[in-house]
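generate a structure from the sequence data that follows.
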Amino acid sequence: MLLICVIPDCYHGDGRSYDGNVTTTRSGFTCQDWAAQCPHRHTKTTQEFPELINAGNACRNPGGQAPHGPWCYTTNRKVRWEYCFVKKCTSGKFHDIYDDYDDFQPSGIGYVTTNFPQV
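Reported below is the predicted structural model:
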C-alpha cells in the first residue's frame, strides 16, 4: 500500500517566505516572470531580493512588502499586479489547513483591492 501525503500550497504570515508554484492571480491572470521587464517594468531584482532567484513567474512577496501575501506582476498590460490565488496556512490542524481569505470573493469580474503596497 502506497500512502501519499499532499502538502497544500499555502503561505504563512505575510507570505515573504512563500516559495510555492502558484503562477496565477486571484482573478486568473498569468504572472509575469520576475526576470522580465515586459509588459511591466519594475525594480524587483534577485540582487535586492534573493527570494526571487529561480522564481520564474511564481507568486512571491519580495521583502514582505505586500501586507496580504504573495503577489505578482501580471502579463496583462492593463493590470500591473495582483495578489495571487494562494491561501493562508493555519498551524497544527491537518483537516483545516487554510484560513479564509479576508475579503476575497471569487466572481466573474475579478478581485479588486484598494490596499496597494509600494511595488
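
which residues touch residue 45?
residue 52 (C-beta atoms under 8 Å, 6 or more residues apart in numbering). Bear in mind the C-beta positions are built from the backbone N, C-alpha and C, glycine included.

what's the helix or strand for it?
Using DSSP states H and E, residue 45 maps to neither a helix nor a strand.

any idea how far residue 27 is from it?
Separation of residue 45 from residue 27 (C-beta to C-beta, to the nearest Å) stands at 26 Å.

same question for residue 40.
To residue 27, residue 40 is 16 Å away according to C-beta to C-beta.

so what's the residue count around residue 65?
Residue 65 has 14 neighbours, counted by other C-beta atoms under 10 Å.

quick check: phi and psi on it?
Reported as degrees, to the nearest 10, the phi and psi values for residue 65 are phi -70, psi -30.

what segments of this protein are strands?
10-11, 71-73, 81-83, 87-88 (DSSP state E).
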